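J.: Predicted coordinates and the sequence they were generated for:
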Amino acid sequence: MAADRPYWEYVAVMDAKTRPTHAALNVIVFRYDDPFWRSHFPPNGFNCRCRTAALSESALKRSGAKVESSAGNMSTTYEPLSKGSNEKVPVTTFHDPVTGMDIAPDKGWSYCPGRDDMEPFTLKPTASSYKSSGIYTPSTVAINHLYATTLTPALMLPAHQQSNWSPTEYINKFLALFGTKIGAPPAVFTDAAGDPMVISDDLFVKDKKAAVKDYKVFQADREQYLPMLADTIKNPSEIWLTWVQTPDGKMRLCKRYIGIYKTADGNIGGFAVFDNVNGTWKGTTTYSPKSIGNLEKQRTGTLLYRRK
């Protein structure tokens, strides 16, 4: 609706719980395409109740508000996500020339949710790189020409017939690679495309609606490949974004991670799927196909990332 309402007004609740920096932005107006909104579109932190109001030309005149510009007043630094964390996230600060305040969202909140979710579907014909290009691309590069990681013993586990480990023991070995375990809070991992992914034992649950979890970790001998499948999520050869229709006719948005691994007998593959559930990317399955060729049909949609 930018053609009819091109001016966006920041609206804070303005009560005793409103953060001073959020209150300072109250009723400030920028055009919808001002860089300010790329980092400061609300919510701007946990429990933030701020919103925006889209104004037409006539509504802007009635309000008497002045359209501001963030030009020359935006800066970005990279800071640890939390105390003691090695993960650094962008923190974008707006310097308000009126109040003199430096206003930044909470760490990890310097982005625009709607823009980032829709960017993969925005055509950018001049993009020079596949990474985050957002171009709808069929698999124009042969799968055997993708980057392949050498399959080392560290990327494999013994078969369950040899180890006598239970499904939960195998799953915990997988989850440990992301710093969590069954029963603990899920891990949040930032993937190669820059998106946070929620990782838990749901990747191996047969029926997520069942009262008792039944794991499919031994299916197709996938327990042997669990470290390799974790590596597929961490260091994929490709990441694809696509819409999938479920048996009940509903559409779901999913991410497909494809990993290629060199072996003495020829390449094998890893495959992981994450679904977008209420705005959060959650892992739903991961496995190693019987042949590398079985991955080819998964390589459609929007190519988010390809390893060089």
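T.: Thanks, I have the structure now. Numbers count the residues shown, from 1 in each chain.
J.: which residues of the chain score low on pLDDT?
T.: Within the chain, the set of residues satisfying pLDDT under 70 comprises 115-140.
J.: Determine the longest strand present in it.
T.: Scanning the chain for the strand with the most residues, using DSSP state E, yields strand 251-262.
J.: Partner strands of it, with direction?
T.: According to DSSP bridges, strand 251-262 forms sheet pairs with strand 149-150 (parallel), strand 238-245 (antiparallel), strand 268-277 (antiparallel).
J.: how about these in a markdown table, adding mean neighbour count?
T.: In short, each C-beta sits where N, CA and C put it, glycine included. Below are the strands paired with strand 251-262 laid out as a markdown table (neighbours: other CB atoms under 10 Å):
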| stretch | mean neighbour count |
| --- | --- |
| strand 149-150 | 14 |
| strand 238-245 | 18 |
| strand 268-277 | 21 |
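J.: So which of these is nearest Phe94?
T.: Between Phe94 and the strands paired with strand 251-262, the tightest spacing by CB to CB is seen for strand 268-277, at 29.0 Å.
J.: pull the CA atoms of the closest one into CSV?
T.: Extracted in CSV, the C-alpha atoms of strand 268-277 (Å, rounded to 0.1, in the frame of the first residue of the first chain):
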residue,chain,number,x,y,z
ILE,A,268,26.6,-39.2,-0.8
GLY,A,269,24.2,-36.5,0.3
GLY,A,270,22.7,-35.0,3.4
PHE,A,271,19.3,-33.4,3.5
ALA,A,272,17.5,-31.4,6.2
VAL,A,273,14.2,-29.6,6.1
PHE,A,274,13.0,-26.6,8.3
ASP,A,275,9.5,-25.3,8.3
ASN,A,276,8.4,-21.8,9.0
VAL,A,277,6.0,-22.1,11.9
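J.: Check what contacts it and list those residues.
T.: Residues from elsewhere that reach strand 268-277, judged by CB atoms under 8 Å, 6 or more residues apart in numbering: 143, 151, 197, 203, 225, 228-229, 231-233, 236, 252-261, 281-289, 292, 294-295, 298.
J.: Could you pick out the buried ones from the residues you listed?
T.: Members of these that pass the buried threshold by neighbour count (16 or more other CB atoms under 10 Å) are listed as 143, 151, 197, 203, 225, 228-229, 231-233, 236, 253-261, 281-289, 292, 295, 298.
J.: Tell me the secondary structure at Pro227.
T.: Going by DSSP: H, G, I helix; E, B strand; the rest coil, the secondary structure assigned to Pro227 is helix.
J.: In space, what's closest to it - neighbours in sequence excluded?
T.: In this structure, Pro227 finds its nearest non-sequential neighbour in Leu155, 4.7 Å apart by CB to CB, 6 or more residues apart in numbering.
J.: Now do the contacts for that neighbour.
T.: Counted by CB under 8 Å, 6+ apart, Leu155 has contacts 149, 225, 227-228, 231, 261.
J.: same thing but at 6 Å, please
T.: For Leu155, the contacting residues are 227-228, 231, taking CB atoms under 6 Å, 6 or more residues apart in numbering as the criterion.
J.: What of Ala159?
T.: Contact criterion CB under 6 Å, 6+ apart gives Gln224 as the residues in contact with Ala159.
J.: which one of the strands paired with strand 251-262 lies closest to Asn26?
T.: Checking those against Asn26 by CB to CB gives strand 268-277 as the closest, at 31.7 Å.
J.: CA atoms only for the next helix or strand after the closest one, dumped as PDB, please.
T.: Using DSSP states H and E, the helix or strand that follows strand 268-277 in sequence is strand 280-287. Backbone C-alpha positions of strand 280-287 (Å, rounded to 0.1, in the frame of the first residue of the first chain) are rendered in PDB as follows:
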ATOM      1  CA  THR A 280      10.000 -19.200  13.300                       C
ATOM      2  CA  TRP A 281      12.200 -21.700  11.400                       C
ATOM      3  CA  LYS A 282      11.900 -25.100  13.100                       C
ATOM      4  CA  GLY A 283      13.600 -28.300  12.000                       C
ATOM      5  CA  THR A 284      11.300 -31.000  10.900                       C
ATOM      6  CA  THR A 285      13.400 -33.800   9.400                       C
ATOM      7  CA  THR A 286      16.900 -34.700   8.400                       C
ATOM      8  CA  TYR A 287      18.300 -37.800   6.600                       C
END
